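*Asks:* sequence and computational prediction follow.
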Amino acid sequence: MDTENKGLKCSESIDMEMLAHPYEHSHPGHAMLCACFPNGMDECHIERRVHYFNGALTVETLAEGLSSWIGLDFSVSAVKSESLVTVDWAARSALIAGGKLNGDINLSGAETREWFMLDSLWRTITENFGELDVYYTMNGGKELKVPAIGYPSVFPPDIPYLGCQFYCAHRDLRDDGNARQRKTLAQKRTKLISPARTADVSGMNLYCQNAHICLANDNNAKVSLYVNAEKDSNGEFMFDDGQDWLLLVETSFGDYPLFPRKYVQIGAVSYVAFYGCSGASYDVFHVLVTVSKSAGYEIYDCVFDNGKKAFKVVPVYDASNINPDRGLAPAIGQHEPAA
């Protein structure tokens, strides 16, 4: 992907106080626009700008703001519900018909421009409406075709858009024979993990743990990683070629199996727990899970939704038929070692 962008020049219309708190729209008429410059598999560069408008905040309002700022036609129509939004790109939009950018933007090539438009609107929508699934279509609900991208040149109407970085990381699934696998990867993004009864940890030892985590109304939640490996006389784990692993978030209202008890051959499970910014809040709890096994490597982010009291699973990387570096697993990371 050819990308030679220098970002947008910040104009005097940027409200610095609102940039410091972009999600706290205390009164109608303000929204946050995102211009997202793709950079292959690396993290994209995002420029933000406050948009002032009259009336209700809609996806169309956000698209109009992007059109005014960027100089490309983002014309769309949208249908939004509580958990998803379907965005239909108009035939006159620059994504379909092409178009020139304003003088503040330097993008190289049609492919970069198309990713820029898709990601910018997607991130602008989630920035203002929170974490919901965005489905792209054209011609009144038909699959969106963007030939300049190459892969995926077609976005089915029943699979949520996942962002440039996701698709670049999974270019090995580009042929039509892997359509079902692509759909499976996309569906993982919408999976929710709800609390269950206290998990069965019989025959397992606590490998590592993060304690005193605040989730919903529980200030003493814990992230606990268990393994059924035995310990020697010095308390060191004696790992075999494979063992059962179990990753839980333990709370007063139930246990969340982020990695259900499962046998992992020649590998391990590890995690990093942290608070980050997502949707409408700056203190969203994440558990980034890594699963290394004999011929595969998977990373997924479990994001806690306070309203639903559930973890939303967001795939980050999933590869098979590889040989992960055994020197990196098992890894404890930022955890407190178990006693």
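*Replies:* That came through fine. These numbers were taken from a predicted model, which means no experiment stands behind them.
*Asks:* point out where this protein drops to low pLDDT.
*Replies:* 1-28, 38-44, 99-109, 151, 169-190, 277-282, 320-339 (pLDDT under 70).
*Asks:* tell me the secondary structure at the residue sitting furthest away from the middle of the chain.
*Replies:* Going by Cα atoms, centre = their mean, the residue of the chain most distant from its centre is residue 233, 42.9 Å out. Recorded secondary structure, residue 233: coil (DSSP: H, G, I helix; E, B strand; the rest coil).
*Asks:* residue boundaries of the strands in the stretch 51-200 of the chain?
*Replies:* 76-80, 84-89, 133-138, 142-145, 154-155, 192-193 (DSSP state E, counting those that start in this stretch).
*Asks:* need these in JSON lines (columns: distance to residue 286).
*Replies:* Placement of C-beta: from N, CA and C, glycine included. Formatted as JSON lines, those follow (distance: least, Cβ to Cβ, whole Å):
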{"stretch": "strand 76-80", "distance to residue 286": "25"}
{"stretch": "strand 84-89", "distance to residue 286": "22"}
{"stretch": "strand 133-138", "distance to residue 286": "18"}
{"stretch": "strand 142-145", "distance to residue 286": "30"}
{"stretch": "strand 154-155", "distance to residue 286": "27"}
{"stretch": "strand 192-193", "distance to residue 286": "13"}
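*Asks:* nearest to residue 57, of those?
*Replies:* strand 76-80 (10.3 Å; Cβ to Cβ).
*Asks:* got the angle between the closest one and strand 133-138?
*Replies:* Here strand 76-80 runs at an angle of 140 degrees relative to strand 133-138 (axes from the mean of the first three to the mean of the last three Cα atoms, to 10 degrees).
*Asks:* which strands border strand 76-80, and is each parallel or antiparallel?
*Replies:* strand 84-89 (antiparallel) (DSSP bridges).
*Asks:* burial check on residue 297, number of neighbours?
*Replies:* 19 (other Cβ atoms under 10 Å).
*Asks:* what about it, which SS state?
*Replies:* Residue 297 is classified as strand under three-state DSSP.
*Asks:* longest helix in the chain, by residue count?
*Replies:* helix 110-129 (DSSP state H).
*Asks:* CA atoms of that one as CSV?
*Replies:* Output of helix 110-129 as CSV, limited to C-alpha atoms (Å, rounded to 0.1, in the frame of the first residue of the first chain):
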residue,chain,number,x,y,z
ALA,A,110,-6.6,5.4,-5.0
GLU,A,111,-6.2,2.4,-2.6
THR,A,112,-4.9,4.7,0.2
ARG,A,113,-7.8,7.2,-0.5
GLU,A,114,-10.4,4.4,-0.2
TRP,A,115,-9.0,3.0,3.0
PHE,A,116,-8.8,6.6,4.3
MET,A,117,-12.5,7.2,3.7
LEU,A,118,-13.7,3.8,5.0
ASP,A,119,-11.6,4.1,8.2
SER,A,120,-12.3,7.8,8.8
LEU,A,121,-16.1,7.4,8.7
TRP,A,122,-16.0,4.1,10.8
ARG,A,123,-13.9,5.7,13.5
THR,A,124,-15.9,8.9,13.5
ILE,A,125,-19.1,6.9,14.0
THR,A,126,-17.7,4.8,16.9
GLU,A,127,-16.0,7.9,18.4
ASN,A,128,-19.4,9.6,18.7
PHE,A,129,-21.9,6.8,19.2
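*Asks:* just how off-centre is that helix within its chain?
*Replies:* Relative to its chain's centre, helix 110-129 lies at 14 Å (Cα atoms, centre = their mean, to the nearest Å).
*Asks:* which other helices and strands contact that helix?
*Replies:* strand 30-39, strand 42-52, helix 59-70, strand 84-89, helix 94-97, strand 133-138, helix 164-169 (3 or more Cβ pairs under 8 Å, 6 or more residues apart in numbering; DSSP states H and E).
*Asks:* and it, which residues are buried?
*Replies:* Neighbour-count burial for helix 110-129 flags 111-129 (criterion: 16 or more other Cβ atoms under 10 Å).
*Asks:* likewise for stretch 139-149?
*Replies:* For stretch 139-149, by 16+ other Cβ under 10 Å, it's 144, 146, 149.
*Asks:* so how many other residues sit close to the nearest residue to residue 298 once chain neighbours are set aside?
*Replies:* Leaving aside its chain neighbours, residue 298 sits nearest to residue 291 (4.5 Å; criterion: Cβ to Cβ, 6 or more residues apart in numbering). Residue 291: 22 surrounding residues under other Cβ under 10 Å.
*Asks:* ok, and what's touching the helix or strand hosting residue 291?
*Replies:* Using DSSP states H and E, residue 291 sits in strand 281-293. Here strand 281-293 makes contact (Cβ atoms under 8 Å, 6 or more residues apart in numbering) with 23, 213-215, 223, 247, 249, 258-259, 264-278, 297-304, 306, 311, 316, 324, 328-331.
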